[in-house]
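# make a model of this:
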Amino acid sequence: MKRIRSGLKAQPAPRRLRESGLLTLSQLAAAADETVHAVRYYLREGLLAPSQVAVNGYRLFDQRAQSRLRFVRRAQRLGFSLSEIRSFIHDADRGEAPCPRVRQILDARLPLIGQQLTEMMQMFERMRRATRRWRRHPDHVPIGHEVCRLIETEPDEASPAPARPRGNPPAK
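Now for the predicted structure:
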């Protein structure tokens, strides 16, 4: 997926940089298909660090930074927060295994996401049923305390209609 880079184009690296394998910030962003702004943000958040700072103040990055950017993007796609990702990186940098915590977080998060999916599906069904019912109703200018008759005629979920005894026809 290409990102729009607000007019910032990566310039060819000077020969010395190309030979050393180091990239400037904008070149790193281009190589990783990230925005320059995202890379700067990751630097401020402690997710990336330059391998060197040039005499002119340019931060220079090596292959490790490209790998870190890929790691951050993959972890975000799995739903990890930047704070969690930062802690994984710090664990790895200290020689500790972040994997047990990664598993623990996902094990705790999966049931919550499952519950959210269930709730979203229920909302989807309520909306679908309401949309079908509302097609039969004309638009109406509110009267008195009304706001929108379509919504106001919807049943409350908390108080379902009373159950009718079996075998008895509904009262008219």
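
# show me where the chain dips below the pLDDT cut-off.
Residues of the chain meeting the criterion pLDDT under 70: 1-19, 158-172.

# would you list every one of the strands in it?
Along the chain, the stretches classed as strands by DSSP state E are 23-24, 52-53, 59-61.

# in the lengthiest helix in the chain, what's buried?
When secondary structure is assigned using DSSP state H, the longest helix within the chain turns out to be helix 99-134. Judged by neighbour count (16 or more other CB atoms under 10 Å), helix 99-134 contains these buried residues: 102, 105. (Glycine included, C-beta is placed from N, CA and C.)

# centre of the chain versus that helix, how much separation?
Counting by CA atoms, centre = their mean, to the nearest Å, helix 99-134 is centred 15 Å from the centre of its parent chain.

# cool, and stretch 124-144?
On the basis of CA atoms, centre = their mean, the separation between the geometric centre of stretch 124-144 and that of its chain is 32 Å.

# same deal with stretch 132-148?
On the basis of CA atoms, centre = their mean, the separation between the geometric centre of stretch 132-148 and that of its chain is 36 Å.

# kind regards, and thank you for your time.
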